[in-house]
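K.L.:
starting from these lines, generate the structure:
(4 chains)
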There are 2 protein chains.
Amino acid sequence: MSAPDPSARRPRSDAARNRERLLTAARNAFTAADDTVPLETIARDAGVGIGTLYRHFPTREALVEAVYAAELDAVATSAPALLAAHPPEVALRAWLDRYAAFVDTKRGMITTLRAGWQSGRTATPATRERVTAAIAAILAEGARTGALRADVDPEDVTAMLLGVFLSTTVGGDPERTGRLLDLVVDAVRPR
Amino acid sequence: MSAPDPSARRPRSDAARNRERLLTAARNAFTAADDTVPLETIARDAGVGIGTLYRHFPTREALVEAVYAAELDAVATSAPALLAAHPPEVALRAWLDRYAAFVDTKRGMITTLRAGWQSGRTATPATRERVTAAIAAILAEGARTGALRADVDPEDVTAMLLGVFLSTTVGGDPERTGRLLDLVVDAVRPR
DNA sequence: CGCCAAGACGGAGGCTCCTCCGTTTCACCA
DNA sequence: TGGTGAAACGGAGGAGCCTCCGTCTTGGCG
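P.N.:
Numbers count the residues shown, from 1 in each chain, chains lettered A, B, ... in the order given. Coordinates of the predicted model:
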């Protein structure tokens, strides 16, 4: 899964340092203001050139994703615990709520991620794979117990979630988000 | 619905003419190439200044929407005919396919429309309202006959569709689109 | 027919994005 | 320890977006 490639060259120390600086500066910038801060500002705050920023993070989305990777990872890996504590269909809904809550606290992030997907320029990044893996785990358990359909592709669920969050986080209607997540669960329950 | 405001001033002739020119130029540009053509190019082709383009169509999405309004309207208004010919749940699926087919032929457009709908920045409501109205009609008939759930907000379905198209038109996987539309139908059928 | 105000025109300018490439630095090896 | 080339650095520059405002056109009225 995260097996380190032994043949990979260790990154140069200055590269690693600058990468950290950029992440820190970006985190501050995104926290303080919107995520619309000019990238050049972030680069300057980090004490590097704009070219360096772009080499480390080819797109704005890549930077945003890296900034929130740790947090999002925590959400994704919470699935097993939920599965252990609840039946699959309940765990699914709980996990969706948890995911929604995370997304809700990162509105700025969503604005940017949206832009990335629209242009389709960055094909499904690492983050999305983590999310899909979490969903896959829940679906598999649900299929085993018969609580969830066995014929649903986890990627398809991820795609639906994308739409749910993209449609709702802007208007900011929590009720609608809840209803849509209910619909998603309904769609993956056997009939 | 489309009641013309009688107090509205008739637009100046040059304004009307330029608006038409812009639409024509935009249609040509979008047909020939992607919808990423610079707006300045469209303005030049239309023989007007960039300022004029922006006055008529404040955002790129507004322009794209105007270009395809007629076609999309035809899709939206096809719902009653489908309802007359099929039971509601079949009509819904058929209409979704029709909608998907339209979207598929306008990939360039979708890239931009997504941006507009999602960002909610312009709230370009006209098109979306038409779509929602079509869905509402189908849902209402389905609720009457009991073939579809009565407790689903048409807006919610629109939101899900948005996600479906958003996630699939980029990758370009027709199979997935079909599966997702199936899921949407499943979600709105009574259990 | 000539005047005039409402409103349309258009393009320069400020801003950000992202690329490109000459220069500089690091890490490994002899 | 010194040499070397792979890799990183940085910022100038080209391109598109959108705004702003001075100029020009239109069409109604006297």
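
K.L.:
excluding chain neighbours, what is closest to A:Val157?
P.N.:
A:Ile135 (5.0 Å; C-beta to C-beta, 6 or more residues apart in numbering or on different chains). Quick note: C-beta positions are derived from backbone N, CA and C, even for glycine.

K.L.:
enumerate every residue touching that neighbour.
P.N.:
A:Ala79, A:Leu92, A:Trp95, A:Pro154, A:Val157, A:Thr158 (C-beta atoms under 8 Å, 6 or more residues apart in numbering or on different chains).

K.L.:
how many other residues sit next to the residue nearest to A:Arg21 when sequence neighbours are not counted?
P.N.:
In space, and not counting its chain neighbours, A:Arg21 is closest to A:Ala46: 4.2 Å by C-beta to C-beta, 6+ apart. A:Ala46: 22 surrounding residues under other C-beta atoms under 10 Å in any protein chain shown.

K.L.:
do the same with A:Asp182
P.N.:
Neighbours around A:Asp182, by other C-beta under 10 Å: 16.

K.L.:
what of A:Leu39?
P.N.:
17.

K.L.:
so it makes contact with A:Thr52?
P.N.:
No: A:Leu39 is beyond contact range of A:Thr52, at 11.1 Å (criterion: C-beta atoms under 8 Å).

K.L.:
what is in contact with these two at once?
P.N.:
With C-beta under 8 Å, 6+ apart, A:Leu39 and A:Thr52 have no common neighbours.

K.L.:
from chain B, how far out is A:Arg21?
P.N.:
30 Å (C-beta to the nearest C-beta, to the nearest Å).

K.L.:
what comes into contact with the helix or strand hosting that residue?
P.N.:
Applying DSSP states H and E as the criterion places A:Arg21 in helix A:13-32. Applying C-beta under 8 Å, 6+ apart, the external contacts of helix A:13-32 come out as A:11, A:35, A:37, A:41-43, A:45-48, A:52-53, A:56-57, A:63-64, A:66-67, A:108-109.

K.L.:
now do the buried residues in that helix.
P.N.:
Neighbour counts over helix A:13-32 (16 or more other C-beta atoms under 10 Å in any protein chain shown) mark A:Asn18, A:Arg19, A:Arg21, A:Leu22, A:Leu23, A:Ala25, A:Ala26, A:Ala29, A:Phe30 as buried.

K.L.:
and the next helix or strand past the lowest-mean-pLDDT helix or strand in chain A?
P.N.:
Lowest on mean pLDDT, DSSP states H and E among the helices and strands of chain A sits helix A:107-119, with a mean of 60. Once the chain leaves helix A:107-119, the next helix or strand it forms, by DSSP H and E, is helix A:126-145.

K.L.:
what's the mean pLDDT across that following helix?
P.N.:
Mean pLDDT, helix A:126-145: 92.

K.L.:
could you point out which element follows it?
P.N.:
Taking DSSP H and E, what comes next after helix A:126-145 is helix A:154-168.

K.L.:
let me have the contacts of A:Ile135 in JSON lines, extended by distance to A:Pro190 and neighbour count.
P.N.:
As requested, the contacts of A:Ile135 are exported to JSON lines (distance: C-beta to C-beta, whole Å; neighbours: other C-beta atoms under 10 Å in any protein chain shown):
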{"residue": "A:Ala79", "distance to A:Pro190": "20", "neighbour count": "24"}
{"residue": "A:Leu92", "distance to A:Pro190": "13", "neighbour count": "28"}
{"residue": "A:Trp95", "distance to A:Pro190": "19", "neighbour count": "23"}
{"residue": "A:Pro154", "distance to A:Pro190": "16", "neighbour count": "18"}
{"residue": "A:Val157", "distance to A:Pro190": "15", "neighbour count": "24"}
{"residue": "A:Thr158", "distance to A:Pro190": "20", "neighbour count": "19"}
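
K.L.:
near DNA strand D, which residues of chain A?
P.N.:
A:9, A:11-12, A:14-15, A:17-18, A:47-52, A:54-56 (C-beta under 7 Å from any atom of the strand).

K.L.:
10 Å instead, please
P.N.:
Applying C-beta under 10 Å from any atom of the strand, one finds that chain A approaches DNA strand D through A:9, A:11-19, A:21-22, A:40, A:43-44, A:46-56.

K.L.:
which element, helix or strand, includes A:Thr41?
P.N.:
Counting by DSSP H and E, A:Thr41 is found in helix A:39-46.
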